[in-house]
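Chemist: Just the structure for this:
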Amino acid sequence: MKNLPILILLILAACTLPPNASPTHGASPIPSQALMVEPAPTPTNLALGKPVTASTALPDFPAKMAVDGITGKGEANWWSAGNFSPQWIEIDLGAPASIQEIRLLTSQSPTGKTTHQIWGRGPNTAPKQLHSFHAATGDHEWLRYSPAEPWDGIQYIKIETVESPSWVAWREIEIIGVIGENALVELAPPSVESADIIFYQGSIVTMDAKMTIGQALAVKGDSILAVGSDAEILAIAGANTQMINLNGRTVMPGIVDAHTHILNDAEGHLGLDLHLAQQLALENGITTLANMFVTADFLAQMRALEAAGEVRVRTSLYLIATNNCGEIQGDWYKQHAPTRNFGEMLRIGGVKIFADGGSCGEPAVSEEWYYGYGLGNLWLTQEQMDAAVAAAHTAGYQVVIHAIGDRAIDQALNALEAALHESANTLRHRIDHNVVIRPEMLARYGEIGVIPAVFGYKSTCSLEGITPFYEANAWNWRALLDANPGLPVAWHGDDPWVGPINPFLELHSMVTRTQVAADGSLCEPPAWLANGAVTVVEGLRMMTNHAAYALFRETEVGSLEPGKLADLLIISANPLTIDPNEIRNIQIGMTMVGGVSQYCAPGQEAFCPK
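Modeler: The predicted model follows:
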């Protein structure tokens, strides 16, 4: 072994020889294969011809045109969203890759300031922002970026344009890298379901008991999977998850209108068929409603719509025991049992009884509330009202009583108290409208357990002809809430009879008691009316979870919580944080029912899941 140092030196010398040289001292040549090193893979354009999705696209300029390799300036070949920012396009590289450079070829006119965010994710990892281009760009310009170290484990690259002077479009996207190189991907825990849709980088107004505000929300099927921070929710993204960057927009529960006539529109105010009426509701953010005038004929129409799969708004039907002029309709409703199935689009909610005038005749009041209108019309005697309520209650129906004036409310409270016999109001019997309530009546709602539903909108610009009795007792929602802590007071629109079909104008009215005049100015309320206003949180609760409770749907809708149905809105501003007078200007970008985008406002396609 005394020659071992010499042998080591000979081996080291051989390893430093040129490839064609031979070692000296007669040593055997080292096989050439032992010195070969496998060449590094050559980086290529991984995006070429790969599957592409986009926020939206013009028919003649689909997303695949951005990865077809055609880059000539004279070629009419590019992806175009057909609309302004924000818009996005995402390329699936087919497998995790190591990415060394991003190249983007612009399609833009006019020249102007642009911002493009580059996002990347693995098959089971959350998106992360890799880079952001900020520049003044024109047409047919290459934007290039090479990271200091390659981005490893990336399968999906998303280019999101959040600022542009023109329609968002790309002539070509090139992603330079190597498939599989250092592709280390952290797999999501197997116990965590991946989401179908994730909304992130926004304000999620959950309307839960704690008024939790999240950053992101995940949808799975027709339900909410999770709400939380961006980091928490993005961690449950899967390979097929649709990623919706809210860019600061607000998500809130869909509006629940506890009392409307928008579907049957008995007096022809709107002139809409059932399909257009539903569309109008969805455009205004109403995802759940109660239709409060249902005859046998109308019930048949709605069931036919349901059979055709064309009920798009969750609808509860209330079958009339009297008509709006107080004429008793018999017990025909008993042929149609109430339903309470989770998630059903059409249900039999209960029975409707009219106590006083409004759409026919005048509200029944104990003192004149408008000069010259007298005491109004009380349609039934107390005995008749007692009998009508008792019959529906005994048969297991929720009863909703139309009562505007204080005389009618007194009668309704008496009948409900008699039917309940001091037992709990498990059928959630309601009194709707409740405009004129004398102070001594206020606490009776909570004592009996009756649920009130009240108007959102109040005209402030025109208050002519009202009496001191009106000023002392009408439209005081503040007093109603204060006298009944813990009682779920619901909102209703009663459209098209009262006010605009616009829940945010109604919320604005409840909170500020101002009204937008024809010239755009605000009519300020007198002190007595202003004193009846509610807070923004109270108003939102009335329009979401309290209205849902009034319809036996609080476990389904009304707040954004895991397990509840994905009925939600994307809106332009957070009503909890803006000036209350700006609530009237909130716009709806998207309305979702059961995880499906049922309305997408023009220009908001980037926020509407496919």
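
Chemist: Could you use CA atoms for every contact and neighbour count after this?
Modeler: Will do.

Chemist: Going along the chain, name the strands of the stretch 501-610 of the chain.
Modeler: Taking DSSP state E, counting those that start in this stretch as the criterion, the stretch 501-610 of the chain carries its strands at 515-516, 522-523, 568-571, 588-593, 596-600.

Chemist: For the second one, give me every contacting residue.
Modeler: With contact meaning CA atoms under 8 Å, 6 or more residues apart in numbering, strand 522-523 is reached by 460-461, 514-517.

Chemist: rewinding a little: reformat the strands of the stretch 501-610 of the chain as CSV; add mean pLDDT and mean neighbour count.
Modeler: Listed next are the strands of the stretch 501-610 of the chain as CSV, based on pLDDT from 0 to 100; neighbours: other CA atoms under 10 Å:
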stretch, mean pLDDT, mean neighbour count
strand 515-516, 91, 21
strand 522-523, 94, 15
strand 568-571, 98, 25
strand 588-593, 98, 26
strand 596-600, 98, 20
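
Chemist: now for these, which one comes closest to residue 129?
Modeler: Evaluated over the strands of the stretch 501-610 of the chain, closeness to residue 129 peaks at strand 568-571, with 22.8 Å, by CA to CA.

Chemist: got the strands of the stretch 501-610 of the chain as TSV, with distance to residue 450 columns?
Modeler: Shown next, in TSV, are the strands of the stretch 501-610 of the chain (distance: least, CA to CA, whole Å):
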stretch	distance to residue 450
strand 515-516	30
strand 522-523	34
strand 568-571	28
strand 588-593	29
strand 596-600	34
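
Chemist: Looks like residue 427 contacts residue 396 (just checking).
Modeler: Yes. Contact criterion CA atoms under 8 Å: residue 427 and residue 396 qualify, at 7.3 Å.

Chemist: Which helix or strand in the protein has the lowest average pLDDT?
Modeler: Each helix and strand of the chain was given a mean pLDDT (mean pLDDT, DSSP states H and E); the minimum falls on helix 4-15 at a mean of 38.

Chemist: Following element in sequence after that helix, please.
Modeler: From helix 4-15 onward toward the C-terminus, using DSSP states H and E, the following helix or strand is strand 44-45.

Chemist: Packing partners of that next one?
Modeler: Packing contacts for strand 44-45, counted by 3 or more CA pairs under 8 Å, 6 or more residues apart in numbering; DSSP states H and E, involve strand 169-179.

Chemist: helix or strand right after the strand it packs on?
Modeler: With elements assigned by DSSP H and E, the helix or strand that comes after strand 169-179 is strand 195-200.

Chemist: The helix or strand that that following strand is followed by - contacts with which helices or strands?
Modeler: Sequence order places strand 203-205 as the next helix or strand after strand 195-200, per DSSP H and E. Using 3+ CA pairs under 8 Å, 6+ apart, the elements in contact with strand 203-205 are strand 213-214, strand 216-220, strand 250-253.

Chemist: hey, C-alpha coordinates of the last one in CSV?
Modeler: This file holds the C-alpha atoms of strand 250-253, laid out as CSV (Å, rounded to 0.1, in the frame of the first residue of the first chain):
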residue,chain,number,x,y,z
THR,A,250,-66.8,43.7,-1.2
VAL,A,251,-68.6,40.4,-1.0
MET,A,252,-71.8,40.3,1.1
PRO,A,253,-74.7,37.9,1.4
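
Chemist: Paired strands for that strand, with orientation please.
Modeler: Sheet pairing of strand 250-253 (DSSP bridges) gives strand 203-205 (parallel), strand 568-571 (antiparallel).

Chemist: ditto for the longest one
Modeler: Sheet neighbours of strand 216-220, with direction, are listed as strand 195-200 (antiparallel), strand 223-228 (antiparallel) (DSSP bridges).

Chemist: average pLDDT across the first one?
Modeler: Looking back up the chat, that one is strand 195-200. Here strand 195-200 scores 97 as its mean pLDDT.

Chemist: And the contacts of that strand?
Modeler: 215-221, 225, 230, 233-234, 236-238, 240-247, 609.

Chemist: ok, back up a step: output the strands paired with strand 250-253 in a markdown table; the columns should cover distance to residue 360.
Modeler: Compiled in a markdown table, the strands paired with strand 250-253 are given as follows (distance: least, CA to CA, whole Å):
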| stretch | distance to residue 360 |
| --- | --- |
| strand 203-205 | 40 |
| strand 568-571 | 35 |
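
Chemist: List just the one of those that sits closest to residue 163.
Modeler: Shortest distance between residue 163 and the strands paired with strand 250-253, using CA to CA, is found for strand 568-571: 19.2 Å.

Chemist: Other residues contacting the closest one?
Modeler: Contacting residues not belonging to strand 568-571 are listed as 249-254, 285, 287, 560, 586-593, 607 [CA under 8 Å, 6+ apart].

Chemist: and if you look at stretch 225-235?
Modeler: Residues outside stretch 225-235 that contact it (CA under 8 Å, 6+ apart) are 125-127, 188, 195, 198, 200-201, 204, 214-219, 560-563.

Chemist: For it, output the C-alpha coordinates as PDB.
Modeler: Taking C-alpha atoms only, stretch 225-235 is exported to PDB below (Å, rounded to 0.1, in the frame of the first residue of the first chain):
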ATOM      1  CA  LEU A 225     -66.600  26.000   2.000                       C
ATOM      2  CA  ALA A 226     -64.600  28.600   4.000                       C
ATOM      3  CA  VAL A 227     -64.100  32.200   4.900                       C
ATOM      4  CA  GLY A 228     -60.900  33.700   6.200                       C
ATOM      5  CA  SER A 229     -57.700  35.400   5.300                       C
ATOM      6  CA  ASP A 230     -56.200  35.300   1.900                       C
ATOM      7  CA  ALA A 231     -53.500  32.900   3.100                       C
ATOM      8  CA  GLU A 232     -56.000  30.500   4.700                       C
ATOM      9  CA  ILE A 233     -58.300  30.400   1.800                       C
ATOM     10  CA  LEU A 234     -55.700  30.300  -1.000                       C
ATOM     11  CA  ALA A 235     -54.300  27.300   0.700                       C
END
